[in-house]
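Q: Please work out how this folds:
(one chain, ligands or ions: 1)
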Amino acid sequence: MNSAAIEAPVLPFTGEQAHRAVFITCDPATGARVGRYSAATAGDVARILATARRGFVAWSAKTANQRCDLLAEWLNRVEAQTEVLAGAMTDEQGKPLAESRAEIGKALREARQMLSFARAHGGRTLPGRGPGWSNTILRRPLGVVLAITPWNFPVLTPLRKLVPALAAGNAVVLKPSEFTPAAAMCVVRAAKALLPQGTLCLVNGAGDVAASLVEADVDAISFTGSVATGRKIGAAAGARLVPVSLELGGKNAAILDRVANLDAALDAITGAAFQCSGQRCTAISRVIVHADVYAAACEGLIRRLTALKLGPGRDPETTLGPITTQAQLARVTDLVRAAESAGARILTGGQKLALPDAPEGLFFAPTLLATDDPENPASREEIFGPVLTITRYKDDDAALNLANATDYGLTGAVFTDRLEFAQRAMSELQTGMIHINHGTAPDDNMPFVGIKDSGLGTGSVGPSTLDFYTTEHAAYVAS
Ligand code: NAD
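A: Numbering: from 1, shown residues only. Below is the predicted model:
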C-alpha cells in the first residue's frame, strides 16, 4: 500500500470520515492495490471552498514577487521528493520509472519558467488623452480557481494549472484523477505551512465530485481531460459565465516526406507515439507517409515496435508500460477491432497481452495499423494507447488534407528536407502546436494549446496562460 496515498486529503477532515465513500487505486502492471482514498462529501466540498475563499484573501494580498519566492521554495520541496513522487506515479499510472522521473523534471522546468513569466506579468501604462493623464491596464487575480486533471500525467498536468494560477494570486482547488491521486497529493502536501492556509486545496473523488465542484461557487475552471467531459464543463461554465480553459484530446499526425535520414525520423515518431504507452494527448497516432518511402517506413516501424520491452514500470528494462485502466484497455481493444473490421490491416501487435511475469497486467501489444481510408476509425478516433496508424500519400496537398481530416487540432509534426513544405505546414496544419523535424514534445516556455475539438481558451505553459488566470481592467487617472 502506498503510504502517500492512504492519508487523508490536504484539508483536515473531521468527524464524517467513517461515512465517506472509499475508492482504491491499483497498479496496472500487476493488479495489486496501491492506494485507498476517501471521496469528498458535499459537506467537504463546501468547507474546502470556504477555506479556499479565505486563502485567496491572504494570498492575493502578497506581491507577485513574494508569491513567486514562496512558490519557488515549494517547487524545491517537490523536487526533493522526486523519487517518492516517481514511485507513486509509476505504481498508479504504470509508466516506466525513467518516464516518471522525466515527467517531474519537465514539470519543474515549466513551473520555474512560469514563475519568471509571472514576476514580469502585470500592468502597463499608456499615454492618456489629456495632458498629465495616464491610462493603466491592470491585471488582478480571479479568486478561487478549480483545476480538474486526468490520469496520464499525474504531476505535470496539475503543476501546469497550479503554478500559473497561484503565481497570479488565486487560490486553487485541485481535483486530481481518481486513478492517480497519490502524486498530486504529495505535491500539494509539500506546500503545507509554506503557503497561507486554504491557498492550495485538494479534493479527492470521481466525476460526481468534480461535477459538484464545477457547479459550485468558483471563479474559473481549468480542465484537462476528454472531449466529452470538456463539453459538459464548458456548458456548465457557459451557463454561469465562468471563464474556462479546456485542454482535450488529440488525433495527432506526423507527415513523413521523402527525407534523407529516414531512421532519425522513425526514431522520433516511435518515441512520440509510444511514450506513456501512447496515453498522451499529444501522442502521434497517425503517420502519413510518402508512397516512395512507405515500404521502408512500415519495415522500420515494425522493427522498432517489436523491440519495445513491455513490462512493469518499476522494472528498469521496461520501455513500454501497461495501459492505466481496465476501461482504457477495453477501449483500445474495441477500437483496434473496429478499425480491423473497417478494413485496416494489422502490421504488428493488435491484441492484449498476458506477460508471463505480470499476467494480471493491463498490457496491449505495440500496434501498427495500415489504412489509406481517412474514414476508418484508426484514422479518426483518439485511441489513447500504444497504437499507430500508417497511411500513404502521393503529394503535399494530399498529405496536408489527410493530416487535417480530423475533428481534433492539438499537435502535428512534419518530417521533411524541403523548406517550402515546412513553411506550408506551418501555415496550413490545423493544430495548436506544430513541430518540424521532431516529435511532439513541447518546450518549457511555449503555449501548450489546441484548436478545434482539442481545446478552448489560452494554452497552458507559455506566458499567455497568466492572462487566463487574471481579469483585465482599464484604469484612467486624470490630473
Ligand atoms: P476524463 O475526462 O474522463 O477525466 C478527467 C477528469 O475529469 C478526472 O479528474 C475526472 O474525475 C473528471 N471528471 C469526470 N467526469 C466529470 C464531470 N462530469 N464533470 C467534471 N469533471 C469530471 O479524462 P481521462 O480519461 O482522465 O483522460 C483522458 C483524456 O484526457 C484523453 O481524451 C486525453 O486526450 C485527454 N488529455 C488531454 C490533455 C491535453 O492537454 N489536451 C492532456 C492529458 C489528457
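
Q: State the distance from the residue positioned nearest the centre of the chain to the ligand.
A: The centroid of the chain falls nearest to Thr157 when counting by Cα atoms, centre = their mean (4.8 Å). Distance, Thr157 to the ligand, using Cβ to the nearest ligand atom, to the nearest Å: 6 Å. Where C-beta positions appear, they are placed from N, C-alpha and C, glycine not excepted.

Q: residues in contact with that residue?
A: By Cβ atoms under 8 Å, 6 or more residues apart in numbering, the contact set of Thr157 is Thr149, Pro150, Thr224.

Q: Now the first one: closest residue in space, sequence neighbours ignored.
A: Yep, that's Thr149 we're talking about. Nearest non-adjacent residue to Thr149, counting by Cβ to Cβ, 6 or more residues apart in numbering: Thr157, 4.4 Å away.

Q: Are we agreed that that neighbour is in a helix?
A: Yes - using DSSP: H, G, I helix; E, B strand; the rest coil, the assignment for Thr157 is a helix.

Q: roughly how far apart are it and Pro150?
A: Distance from Thr157 to Pro150, counting by Cβ to Cβ, to the nearest Å: 7 Å.

Q: shared neighbours, those two?
A: Thr224.

Q: Spell out which parts of this structure neighbour the ligand.
A: 148-152, 157, 175, 177-178, 206-207, 210-211, 214, 224-226, 229, 232-233, 247-250, 281, 382, 384, 410, 450, 455 (Cβ under 6 Å from any ligand atom).

Q: Buried only: go through these for me.
A: 148-152, 157, 175, 177-178, 210-211, 214, 224-225, 229, 233, 247-250, 281, 382, 384, 410, 450, 455 (16 or more other Cβ atoms under 10 Å).

Q: The residue of the stretch 251-400 of the chain found nearest the ligand in helix, strand or coil?
A: Closest contact between the stretch 251-400 of the chain and the ligand, by Cβ to the nearest ligand atom, is at Cys281 (3.1 Å). Secondary structure, three-state DSSP: Cys281 is coil.

Q: For it, which non-adjacent residue is spatially closest?
A: Going by Cβ to Cβ, 6+ apart, Cys281 has Gly250 as its nearest residue, at 4.9 Å.

Q: contacting residues around the one you found?
A: Contacts for Gly250 (Cβ under 8 Å, 6+ apart) come out as Cys281, Thr282, Ala283, Ser285, Glu382, Tyr408, Gly409, Leu410, Thr411, Gly450, Ser454.

Q: Map the structural domains onto the sequence of the protein.
A: Residue ranges for the domains of the chain, per automatic domain parsing: 2-248+455-478, 252-445.

Q: Wait, the residue of the stretch 251-400 of the chain closest to the ligand touches Leu410, no?
A: Yes - proximity of Cys281 to Leu410 meets the contact threshold set by Cβ atoms under 8 Å, at 6.0 Å.

Q: any weak-confidence spans in the stretch 1-150 of the chain?
A: By pLDDT under 70, the weakly predicted segments of the stretch 1-150 of the chain are 1-19.

Q: how about the helices in it?
A: For the stretch 1-150 of the chain, the helices defined by DSSP state H, counting those that start in this stretch cover 3-6, 42-60, 64-80, 82-93, 97-120.

Q: thinking again about what came up before, just checking, which of the buried ones among the residues of the chain next to the ligand belong to strands?
A: Among those, the ones falling in strands (DSSP state E) are Ile148, Lys175, Thr224, Glu247, Gly455.

Q: which residues does the closest residue to the third one other than its chain neighbours contact?
A: So the one you mean is Thr224. Using Cβ to Cβ, 6+ apart and skipping residues adjacent in sequence, the residue nearest Thr224 is Glu247, 4.2 Å away. Neighbour list for Glu247: Phe223, Thr224, Gly225, Cys281, Phe448, Gly450, Ser454, Gly455, Gly459, Ser460 [criterion: Cβ under 8 Å, 6+ apart].

Q: pLDDT wise, what is Glu247 at?
A: pLDDT for Glu247: 97.

Q: how close does it get to Ile436?
A: 23 Å.

Q: Same question for Arg36.
A: Relative to Ile436, Arg36 is positioned 47 Å away (Cβ to Cβ).

Q: One more: Leu195?
A: Distance, Leu195 to Ile436, by Cβ to Cβ: 41 Å.

Q: what does Ala330 give?
A: 36 Å.

Q: returning to what we had before: show me which of Leu195 and Ile436 is the more surrounded one.
A: A side-by-side neighbour count of Leu195 and Ile436, using other Cβ atoms under 10 Å, places Leu195 first with 22 against 16.

Q: Chain neighbours aside, what residue packs nearest to the more buried one?
A: Leu70 is the one closest to Leu195 (Cβ to Cβ, 6+ apart), at 6.1 Å.

Q: tell me the contacts of that neighbour?
A: Lys62, Leu194, Leu195.

Q: May I have the distance across stretch 183-200, first residue to last?
A: 15 Å (Cα to Cα, to the nearest Å).

Q: what about it, distance to the chain center?
A: For stretch 183-200, the separation from the chain centroid amounts to 21 Å (computed by Cα atoms, centre = their mean, to the nearest Å).

Q: who touches it?
A: Outside stretch 183-200, the residues touching it (Cβ under 8 Å, 6+ apart) are 4-5, 7, 9-10, 51-56, 58-59, 70, 73-74, 77-78, 81, 84-85, 88-89, 92, 149, 154-155, 158-159, 162, 166, 171-172, 174, 176, 201-202, 204.

Q: switch to 7 Å and redo it
A: Residues outside stretch 183-200 that contact it (Cβ atoms under 7 Å, 6 or more residues apart in numbering): 4-5, 9-10, 51-52, 54-55, 58-59, 70, 73-74, 77-78, 81, 84-85, 88-89, 154-155, 158-159, 162, 166, 171-172, 174, 176, 202.

Q: what is the mean pLDDT for that stretch?
A: Mean per-residue pLDDT for stretch 183-200: 96.

Q: Name the SS class of Ala254, please.
A: Assignment for Ala254 (three-state DSSP): strand.

Q: Report the contact partners of it.
A: Residues counted as contacts of Ala254 (Cβ under 7 Å, 6+ apart) are Ile269, Ile284, Val287, Ala413, Phe415.

Q: Which members of those occur in helices, if any?
A: Assigned to helices by DSSP state H, the following of these qualify: Ile269.

Q: Save the contacts of Ala254 as TSV, and put in distance to Ser100 too.
A: Compiled in TSV, the contacts of Ala254 are given as follows (distance: Cβ to Cβ, whole Å):
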residue	distance to Ser100
Ile269	23
Ile284	21
Val287	27
Ala413	24
Phe415	28
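
Q: Which pair in the contacts of Ala254 has the greatest spatial separation?
A: Greatest spacing in the contacts of Ala254, by Cβ to Cβ: Ile284 and Phe415 (10.6 Å).

Q: re earlier: the residue nearest to the centre of the chain and Trp151, how far apart?
A: 9 Å.

Q: And for Gly350?
A: Using Cβ to Cβ, Gly350 is found at 24 Å from Trp151.

Q: Not counting residues beside it along the chain, what's closest to Tyr476?
A: Closest to Tyr476 by Cβ to Cβ, 6+ apart is Asn135, at 5.7 Å.
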